[in-house]
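Enquirer: sequence unknown, structure follows:
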C-alpha cells in the first residue's frame, strides 16, 4: 500500500495530512520537535532526529517549507530517487480554478492581501493562502465530489514552496523582487533566484506575468512573450513606460498608477494611508492584478485609499510621547530596511538582530541621509555600530527592544521612531511578529509611564 511521510508537522504539515487523509491516503508525520496534533488528525507521529533509514519504506515524502531541503536525511533519500515534494505539488494536482500567484523577497503578503480584498468584490469571490494565513491545502474541499473548490485563489509563494514542486500553472503571476535574504537556505543566490523564477515556467498563451522594470528581467520578459504570455512591467516610471508603479512628481511626491487596457489611472501618494514608495509599488501590482480580472477603477481606488497596511510592515502605531512610532519588524533584510528608511526625511532607527550573513554596509547612504540616531538591539551589535560610524550617525547599543524604546522616547525633538531591523529576529524572539508585538507593547507602555 502506498504510504506518504510528511516531514514537519506544523500548520503546513497538518494541512497536508488533513488533505491526504480526507482522500483516503495513508500518511505518517515526522518532526524533530515535539508536536501535538489537533483532534481531527488521527495518524502515527514520529518525534526525534530525522533519519533516512526510517523513511525508506514510504512511497513519497511531503516536506514542509520550514524544513531545510538540504537536510542530510532528505539529501540521501533524494539521491536514492525517493519522490519528494512540498504542499504546492499536492495543491497543483488538485486545483483547476483561476490561480494568481505572487512571489518575491519582500512585499508578498501586502500584495496578496490587497488582491484578495479587491477580487472578493467579484462574483465567486476569491480565497487567499499559501505562505500567508491559511495553508493552501486548507483552501480546497475535503475530496467530496459535491463540494466545489474556490473559483479563484491567490497564493503567496516562497522560494521553498516553489523549489519543492514541479512548476505550477499560474494564470496571473508576479515577481516583486529578488534580494538577499533566504539565500542562506539555498545552495547559493543563483539557486534562490532560480526557485523564484520557477513560478513562470509553465505560463503560456493567455497568461499574464508581472515583472519589475529593471533591466535584469528583460531577458525573462522576452522569453515569456515568445511563449505567448502577456507581460506587464512595474516600477518607478512614467505611466507611458510601465503598466503599473509609482510616477515621481516635480515637487518630490509621487502618484501610484495602473492601467485598465490603455487608460492609466492614478492616485496621489498623500491620498494613500499606507506609507512608503516600496509599499506603494506593491499596491500598484495589486491594483493591476485587480484591473486584469475586471475589478472596476472605482473599487480599486477605494481599496487603495482605505488600505492602512499590515501589522509589522511599516505600521503606524500613532503618536505616543510626542512622536510617531512605526513598526516595520518584517524588514528582516537590508533591502527592506533601506526602503523603509527612504520613506522618511529623518528617523530614530531601531535596528539589529540576526544578520544571517547579509551585508548591511549597503545601507550606509540611506542611513547617512535619513537617520538621526541609531539604537541597536540584538546579540551582535558590532556590524550595526560599524555601519553607524561609516555613515557618520550617532549610535547607542540598547540591546533590547524595551530599552531602545525607552531611549528613543527621551530624544529632545519629535523625530519619528522606526523599528526596521534589517535582520532576522531569532537571536531574541521566536519570529518577527513577536519582535514587533514587543515593540508595540513597549510603545504603548509609554502612555501609562
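Expert: Looks like it came in fine. Predicted model, so just to flag it, every value in this text is computed and none were measured.
Enquirer: show me what contacts residue 403?
Expert: Under the criterion of CB atoms under 8 Å, 6 or more residues apart in numbering, the neighbours of residue 403 are residue 377. Quick note: C-beta positions are derived from backbone N, CA and C, even for glycine.
Enquirer: for it, which three-state class applies?
Expert: helix (DSSP: H, G, I helix; E, B strand; the rest coil).
Enquirer: make 521 the starting number, not 1.
Expert: Yes, from this point I'll number from 521; that puts the last item at residue 923.
Enquirer: would you mind measuring from it to residue 958?
Expert: For residue 923, the distance to residue 958 (CB to CB, to the nearest Å) stands at 11 Å.
Enquirer: same question, residue 927
Expert: Distance from residue 927 to residue 958, by CB to CB: 15 Å.
Enquirer: between the two, who's got more neighbours?
Expert: Using other CB atoms under 10 Å, the more surrounded residue of residue 927 and residue 958 is residue 958, with 21 against 16.
Enquirer: list the contacts of the spatially closest residue to that one that is not a sequence neighbour.
Expert: Spatial nearest neighbour of residue 958, chain neighbours left out: residue 921 (4.8 Å); criterion: CB to CB, 6 or more residues apart in numbering. By CB under 8 Å, 6+ apart, the residues touching residue 921 are 870, 897, 939, 948, 955, 958, 959, 962.
Enquirer: and residue 534, by the same measure?
Expert: Going by CB under 8 Å, 6+ apart, residue 534 touches 557, 558, 561, 655.
Enquirer: need the buried ones from the residues you listed selected in PyMOL.
Expert: This is the PyMOL syntax for the buried subset of these, where burial follows 16 or more other CB atoms under 10 Å:
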select buried, resi 655
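Enquirer: got a markdown table for the contacts of residue 534, with distance to residue 568 too?
Expert: Compiled in a markdown table, these are given as follows (distance: CB to CB, whole Å):
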| residue | distance to residue 568 |
| --- | --- |
| 557 | 16 |
| 558 | 21 |
| 561 | 19 |
| 655 | 24 |
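Enquirer: secondary structure added to the contacts of residue 534, as TSV?
Expert: TSV is the format used below for these (three-state DSSP):
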residue	secondary structure
557	coil
558	coil
561	coil
655	coil
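Enquirer: of all the contacts of residue 534, which two lie farthest apart?
Expert: Put simply, by CB to CB the two of the contacts of residue 534 set farthest apart are 557 and 655, 14.5 Å from each other.
Enquirer: chain center to stretch 878-885: distance?
Expert: The chain centroid and the centroid of stretch 878-885 are separated by 21 Å under CA atoms, centre = their mean, to the nearest Å.
Enquirer: next one: stretch 830-840
Expert: In this view, stretch 830-840 has its centroid 18 Å away from the chain centroid, taken as CA atoms, centre = their mean.
Enquirer: how about that stretch: buried residues?
Expert: Neighbour-count burial for stretch 830-840 flags 830, 832, 833, 834, 835, 837, 840 (criterion: 16+ other CB under 10 Å).
Enquirer: tell me which residues are up against it.
Expert: Among residues not part of stretch 830-840, those counted as contacts by CB under 8 Å, 6+ apart are 629-630, 633, 794-796, 799, 828-829, 844-850, 860, 863, 940, 952-953, 956, 960, 963-964, 966-967.
Enquirer: now the buried members of the residues you listed.
Expert: Buried subset of these (neighbour count, 16+ other CB under 10 Å): 629-630, 633, 794-796, 799, 829, 844-850, 860, 863, 940, 952, 956, 960, 963, 966.
Enquirer: mind listing which of those residues are in strands?
Expert: 844, 845, 846, 847 (DSSP state E).
Enquirer: and the residues you listed as CSV, adding pLDDT and distance to residue 901?
Expert: Shown next, in CSV, are those (pLDDT from 0 to 100; distance: CB to CB, whole Å):
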residue, pLDDT, distance to residue 901
844, 92, 25
845, 95, 22
846, 94, 21
847, 95, 21
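Enquirer: tell me which two of the residues you listed sit farthest apart.
Expert: Checking those against each other with CB to CB, the farthest-apart pair comes out as 844 and 847, at 11.1 Å.
Enquirer: center of this structure - which residue?
Expert: In the chain, the residue lying closest to the centroid (CA atoms, centre = their mean) is residue 628, at 3.8 Å.
Enquirer: report the beta-bridge partners for the nearest residue to that residue once chain neighbours are set aside.
Expert: In space, and not counting its chain neighbours, residue 628 is closest to residue 676: 4.5 Å by CB to CB, 6+ apart. Beta bridges link residue 676 to residue 622, residue 650 when assigned by DSSP bridges.
Enquirer: who are the neighbours in contact with residue 676?
Expert: Contacts for residue 676 (CB under 8 Å, 6+ apart) come out as 622, 623, 628, 629, 631, 632, 648, 649, 650, 651, 652.
Enquirer: going along the chain, name the helices of the stretch 771-920 of the chain.
Expert: Along the stretch 771-920 of the chain, counting by DSSP state H, counting those that start in this stretch, helices occupy 797-812, 817-826, 854-861, 884-890, 902-911.
Enquirer: residue ranges with poor pLDDT in this structure?
Expert: Residue ranges of the chain with pLDDT under 70: 521, 663-667, 700-707, 969.
Enquirer: can you give the domain ranges for it?
Expert: For the chain, automatic domain parsing gives the domain ranges 523-605, 609-826, 835-967.
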